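Visitor: Sequence and predicted structure below; questions after.
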Amino acid sequence: MSDAVPGDRSRREFEALPLHKAMGLSVEEARPGFARIRMQTSEFTLGGARGSVHGGLLAALVDIAMLQALIPMFRSNEAAAGTADLNITYLRPAMGPRVYAEATVLRKGRHLAVVEVSITGEDGQLCARGRTIYAIQPLTSSGAPGPG
């Protein structure tokens, strides 16, 4: 198992972020172009239909997993510029004690990246599929934003 940013410290930092902590998130696997995030469900997350994970939290999970797969692919002359588009299709309620998001970078260009995210329940059944377009800001040699 590899880390998006090497070391246990990075995983602890990820899990200590207030939103990630509230959502019960942890990194199971992360490497350039791929990430697998686990959500431990709780009273906080189970606000959706029939006691499932709330759909808005699943959309947030798509965005979070996407970043874990994409950011390690950035070169020193690139910076994150934000999510340009995010869509999600809900296929079935995400139930159970754990939900997983697997993000795969389909294409990373100079200004945009496309990432697909599959969300599954603990039983491995597909609950939702998301796709994001993420903006990348080129930097000048001084580290300032370049023309974009």
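Guide: Nice, I can see it. Residues are numbered from 1 along each chain as shown.
Visitor: My reading is that residue 86 lies in a strand. Confirm?
Guide: Yes. Applying DSSP: H, G, I helix; E, B strand; the rest coil, one finds residue 86 inside a strand.
Visitor: List the residues that contact the closest residue to it other than its chain neighbours.
Guide: Among residues not flanking residue 86 along the chain, residue 132 sits closest, at 4.8 Å (Cβ to Cβ, 6 or more residues apart in numbering). For the C-beta atoms, the positions are set from N, CA and C on the backbone; glycine is no exception. Residue 132 is in contact with 62-63, 66, 83, 85-87, 114-115, 117, counting by Cβ atoms under 8 Å, 6 or more residues apart in numbering.
Visitor: for the protein, what spans make up the strands?
Guide: 25-31, 34-40, 78-90, 98-108, 112-121, 126-138 (DSSP state E).
Visitor: Let's see the second one as PDB, backbone CA atoms only.
Guide: Meaning strand 34-40. C-alpha atoms of strand 34-40 as PDB (Å, rounded to 0.1, in the frame of the first residue of the first chain):
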ATOM      1  CA  PHE A  34      -5.600   6.200  -7.900                       C
ATOM      2  CA  ALA A  35      -7.000   6.500  -4.500                       C
ATOM      3  CA  ARG A  36      -9.300   4.300  -2.300                       C
ATOM      4  CA  ILE A  37     -11.000   6.100   0.600                       C
ATOM      5  CA  ARG A  38     -13.100   4.400   3.300                       C
ATOM      6  CA  MET A  39     -16.000   6.100   5.100                       C
ATOM      7  CA  GLN A  40     -17.000   4.700   8.500                       C
END
